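Asks: quick one: sequence and predicted model below, then my questions.
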Amino acid sequence: EDGSGNYPYTMIPNPFQVRPKYSSSKGESHSGTRSDNVLLTENFDAMSSIATTYSSTGWYAYKATNANNWTLYDESEYAHSGSNSVGYFYNSYYAADCYLVSAPFTVSADMTDLSVSLYERVHQSSYAETFEVFFVKASDVTSSSQVATATKYSAIASASYTNTTYAKKTGSTTNSALAG
């Protein structure tokens, strides 16, 4: 602890990817290997900081309470790959209620599912971290605080993690409500 209730970082996702599954005209689904199968990928290496206010074009971090917020780390020792990563410092006084929001991406009606993958770890296994990954419609979010109240479409359900080496997490959600 650093004296303020903050402990070393507890979770760092990197790289982050979103991939669609398409429906064909014959009613079959495929994800294929086309280069356009990645809607969003981010390893955070091109960033020098993470915005803390709403952005309609880039990543930003939003905290709904007095808890800590997501932070960009430019030290390769913390990254799964590359040189940058993002993390959250545990705070013993305030529950985490913060959001790392991606740049928006276009979802079309022929995408039946959206899958997400990221790598995560905690600093110490005795400080478990709980997180979830979900999608929201960009049209439902026009300010930072709306992220907390927007309808969420879960991709990786909330779970508690204690692994101190990077583990890949994946999940998906159906596209029925997100297209358009």
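Replies: That came in fine, so what should we check first?

Asks: from now on I want contacts and neighbour counts done on CA atoms only, so please keep to that.
Replies: Will do.

Asks: so residue 139 lies in a helix, does it not?
Replies: Yes: judged by DSSP: H, G, I helix; E, B strand; the rest coil, residue 139 forms part of a helix.

Asks: pLDDT on stretch 100-108, on average?
Replies: The pLDDT scores in stretch 100-108 average 85.

Asks: quote the end-to-end distance of that stretch.
Replies: 23 Å (Cα to Cα, to the nearest Å).

Asks: tell me where the chain has strands.
Replies: 6-11, 16-23, 29-30, 40-42, 60-63, 70-73, 85-91, 98-101, 111-120, 129-135, 153-161, 167-174 (DSSP state E).

Asks: what sits up against the second one?
Replies: Read that as strand 16-23. Strand 16-23 has contacts (Cα atoms under 8 Å, 6 or more residues apart in numbering) with 29-31, 37-43, 110-119.

Asks: show the buried residues in those residues.
Replies: Buried by 16 or more other Cα atoms under 10 Å: 31, 38-43, 110-119, out of the contacts of strand 16-23.

Asks: what about this structure, any weak spots by pLDDT?
Replies: Counting by pLDDT under 70, the chain has low-confidence residues at 1-15, 23-36, 179-180.

Asks: if you set the cut-off to 80 instead, what comes out?
Replies: 1-37, 90-92, 94-96, 127, 175-180 (pLDDT under 80).

Asks: any idea how far the nearest residue to residue 19 once chain neighbours are set aside lies from residue 135?
Replies: Excluding the flanking residues, the one nearest residue 19 by Cα to Cα, 6 or more residues apart in numbering is residue 38, at 4.7 Å. Taking Cα to Cα as the measure, residue 38 falls 15 Å from residue 135.

Asks: and if you look at residue 100?
Replies: For residue 100, the distance to residue 135 - Cα to Cα - is 11 Å.

Asks: export stretch 78-91 as PDB, just CAs?
Replies: Provided in PDB are the C-alpha atoms of stretch 78-91 (Å, rounded to 0.1, in the frame of the first residue of the first chain):
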ATOM      1  CA  TYR A  78       3.600  -4.400 -17.400                       C
ATOM      2  CA  ALA A  79       2.500  -5.100 -21.000                       C
ATOM      3  CA  HIS A  80       1.500  -8.500 -22.400                       C
ATOM      4  CA  SER A  81       3.000  -7.400 -25.700                       C
ATOM      5  CA  GLY A  82       4.400  -4.100 -27.000                       C
ATOM      6  CA  SER A  83       5.300  -1.400 -24.600                       C
ATOM      7  CA  ASN A  84       2.100   0.100 -23.200                       C
ATOM      8  CA  SER A  85      -0.800  -1.200 -21.200                       C
ATOM      9  CA  VAL A  86      -3.700   0.100 -19.100                       C
ATOM     10  CA  GLY A  87      -4.300  -0.800 -15.500                       C
ATOM     11  CA  TYR A  88      -6.300   0.000 -12.400                       C
ATOM     12  CA  PHE A  89      -4.800   0.600  -8.900                       C
ATOM     13  CA  TYR A  90      -6.800  -1.100  -6.200                       C
ATOM     14  CA  ASN A  91      -8.300   1.300  -3.600                       C
END
